[in-house]
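**Student:** please find the sequence and the predicted model below.
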Amino acid sequence: MTTIATTSSIIIAGDARRPVPPHWPVPEERRTVTVLFADIVGSTALVSRLDPEDVRAMQRVYFDTVTGVLHRWQGVVEKYVGDAVMALFGARRSDGFDAYRAVRAGLEIQAALDRRPMVGDIRLRVRVGVATGEVVVDLGDAVSGGHGVASGAVITTAARLQEYAPPGAVALCAATARATAGLITQRQLPPVPVAGRMSPGPLWQAIGAVRPGPDRHDGPLIGRRRELATIRDQLTLAIRERNPCWVSLVGPTGSGRSRLLHEMTRGLTTVDGASVRWSVAACQPYPDQVLEPVAELLRGVAGVRRRDGPAAVHDRLVAALTALFPPARVAAAIPTLRRMLSNPDDSAAAVAGAAICRDVLLRLASQAPLVVAVDDVDRAAPAVSGFLRALFDVATARRLPLAVVTLHQPQWADTRPGPARRMAIRPLATVQSGRLLRHLLTRSGQPVTLVDRLLPLVGGRPGHATAYVASIAAGADPAVLPLPEAVRRTVGAEVDHLDGERRAVLMAAGVLGGVVSGATVDRALGWTPGRSVSALRRLVAAGLLIPQRTGGYAFASPALRQVAAERLPRALRAVFTRRAADAPRRDTALVALAPAPGSGPPRLPAPTMATPPAAPPRGTNRVSGVNRLRTVAPAGGVPPTSAVPAAVAQANTGGHWPSAIDRIPVAIRAVPAVPGSTRPGTGVGGLPDRVRALPVPPLIRQPDSLGYGQPASGGYVTTND
């Protein structure tokens, strides 16, 4: 049985003591990770016939090669087992493409070892197994070379897959194959027995990376007419006045950014009779070459196709450049551009080709209006942002009819210039989500009666609606409707972009559910009162929590609440739930001060994979005939109450939990419901006279910069839609 106790600096789990970094309030998480397991084929026979010095030299070259590839694809080397290497992808931070990076690393390991002799003429062959599944991760040890970082059955599965992989191949489990579909060419192998399973498990072999095709946009556009009209007006004005503009479309994955771009290319074709040329590129996840989006822009304007041979590429480039540059300049530019198209890396030749590509786009804009658009620019290397900035600056100086459109997630460190216009893509309204679901269900042959079941789950995101309908079409039980894997990956990546404090606050709110104030979050995490106020405000600014007129907060997406809650191990969920159940005795901003005799405090069950956290009963935040109560937070210039000793508050500033503050009642101040005051020395509901009548206004206000109204009460509240 696991027990949890704390001092000011350690977490005790079982009998093991581990230091907890003060910036990471939650020391362990349940995470979906991808595990790569690589081992040498026939290593025993090979080592037995080599001199020990040769074995040592071979191992050094082998491990250096493998670990170098793993680190390049952001894998964490968890351990070495003999000649085997085990690595984790997504152990501490995920971008939604952990499985893709792991498979690409496995393929690159095979290619690197094939090219590199170890000792003399010896060439090693390895087997690689890649499996995806849930583990518990020790976040404090999630660094390269750590031991015991992750625990879960997926680690054994990866080792078993490696044993069944053909020499020189990369074997994938079913979950990894699904996560990389469309990004990795795969071939299904005969089922193999896996330890602990009654029937043989499916097995796939990764063949190579492929470039995904364009997204389908064949359905009706629902709920984005206003945004589309606004963007079209901005681009039209910039072209008409020859005053370049930069429009930045910002929204989470699944919000419909790419669909808006698709509609813009179809809707804005002429301005004042002049044809508008579009040059569009999409940044793929983890491209091999940093300037690949620039090369794609050049292919678009020159009409170069990926399947074209060298002669065809040469002819198309000559035809495109002849109308823009003198013959001598064309002859000098063609070899450089061909090298960049074949290998758009960060070499000097590729950088020179990107400079020529910028001149090509500027010359095109001088002849006719041009819009340059880059989708998923947050995936691109900084060199791409630098390319776009230079293009925009020169076009502005020359007053060319040019516009730049970039699309990215809110978490990206935006590098657009100062005059850029930022447009946030909001969730669809309920009516609009319903229309979209009916269309998707009808197209997939599913009953439209499922709309009512799906509507609360999609959170206004078109991508989530598509994923849920696709899961039903693939055989998911509509009565249960587990969170689709694609949604879990993208939402998990959103959570991982947060720092430690905001992640902890989000996970605590997800477990508690219902109505949650900042004081409740502080108590659940063992923080000093008022510490979560800043994190809650930043979560609102990030678009993850939505303030309500009643003073509470709703999760922007039901999937976000579920993923955040399920990140916590069971023991921590129980701790948070117990503290929430104890709240009626101490947190009057949430539940009743005086529960019915014998009923005890309301219990909030811990959420499971299929059961969301329960909300506290309605109407429990007020007791008839007594004063309304508000928590007094120490933030915003309000000093902490005397009921919390300074020594306790100071001992808990590191963010560790549980703490001694959990056992100390929180002093509250009563606000009379009607003019007048309570009788001196008498508290409400039998509380001691630390409860004092103070007719004060709400003490915690929303920042004006967020554009939201002031809450009606003084607590931060999280509600479930």
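**Tutor:** Noted; the coordinates are in hand.

**Student:** where does the prediction get shaky in the protein?
**Tutor:** Scanning the chain for pLDDT under 70 picks out 1-25, 140-148, 194-200, 214, 413-419, 514-515, 583-721.

**Student:** and residue 215, how many neighbours?
**Tutor:** Neighbours of residue 215 under the rule other C-beta atoms under 10 Å: 12. C-beta: built from backbone N, CA, C; applies to glycine.

**Student:** surely it touches residue 258?
**Tutor:** Yes - with contact defined as C-beta atoms under 8 Å, residue 215 and residue 258 form a contacting pair (5.6 Å).

**Student:** nearest residue to residue 120 other than its sequence neighbours?
**Tutor:** residue 54 (7.8 Å; C-beta to C-beta, 6 or more residues apart in numbering).

**Student:** got the buried residues for the helix or strand where that neighbour lies?
**Tutor:** Taking DSSP states H and E as the definition, one finds residue 54 inside helix 52-72. Neighbour counts using 16 or more other C-beta atoms under 10 Å place 55, 58-59, 61-62, 65-67, 69-70 of helix 52-72 among the buried residues.

**Student:** what is that helix packed up against?
**Tutor:** In terms of contacts (3 or more C-beta pairs under 8 Å, 6 or more residues apart in numbering; DSSP states H and E), helix 52-72 is packed against strand 28-40, strand 76-81, strand 84-89, helix 98-115.

**Student:** between those, which gets nearest to residue 161?
**Tutor:** Proximity to residue 161 (C-beta to C-beta) singles out strand 28-40 among the helices and strands packed on helix 52-72, at 7.2 Å.

**Student:** contact partners for residue 298?
**Tutor:** Neighbour list for residue 298: 304, 337, 340-341, 357, 360 [criterion: C-beta atoms under 8 Å, 6 or more residues apart in numbering].

**Student:** of these, select the buried ones using a ChimeraX command.
**Tutor:** The following ChimeraX line selects those of the contacts of residue 298 that are buried, judged by 16+ other C-beta under 10 Å:
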select :304,337,340,341,357,360
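
**Student:** which one of the contacts of residue 298 sits closest to residue 436?
**Tutor:** Proximity of the contacts of residue 298 to residue 436 (C-beta to C-beta) peaks at residue 304, which lies at 36.2 Å.

**Student:** thought residue 482 was touching residue 474?
**Tutor:** No - judged on C-beta under 8 Å, residue 482 makes no contact with residue 474 at a distance of 11.6 Å.

**Student:** out of these two, which sits in the busier spot?
**Tutor:** residue 482 (14 against 10).

**Student:** in a strand, the more buried one, correct?
**Tutor:** No - counting by DSSP: H, G, I helix; E, B strand; the rest coil, residue 482 falls outside a strand, being coil.

**Student:** how close does it get to residue 451?
**Tutor:** If you measure residue 482 against residue 451 using C-beta to C-beta, to the nearest Å, the figure is 19 Å.

**Student:** what does residue 271 give?
**Tutor:** 40 Å.

**Student:** and residue 59, by the same measure?
**Tutor:** 60 Å.

**Student:** ok, now residue 508?
**Tutor:** 32 Å.

**Student:** the two: which is more packed in?
**Tutor:** More crowded of residue 508 and residue 451, by other C-beta under 10 Å: residue 508, with 32 against 18.

**Student:** ok, that one touching residue 575?
**Tutor:** No - between residue 508 and residue 575 there is no contact under C-beta under 8 Å: 9.9 Å.

**Student:** between these two, what contacts are shared?
**Tutor:** Common neighbours of residue 508 and residue 575 (C-beta under 8 Å, 6+ apart) are residue 524.

**Student:** tell me the contacts of residue 109?
**Tutor:** Contacts of residue 109 by C-beta under 8 Å, 6+ apart are 38, 65-66, 69-70, 126, 128.

**Student:** redo those as a markdown table? Include distance to residue 579.
**Tutor:** Below are those laid out as a markdown table (distance: C-beta to C-beta, whole Å):
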| residue | distance to residue 579 |
| --- | --- |
| 38 | 44 |
| 65 | 50 |
| 66 | 45 |
| 69 | 45 |
| 70 | 40 |
| 126 | 49 |
| 128 | 45 |
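
**Student:** for residue 36, which residues are in contact?
**Tutor:** The contact partners of residue 36, by C-beta under 8 Å, 6+ apart, come to 70, 75, 85-89, 102, 105-106, 128-130, 158.
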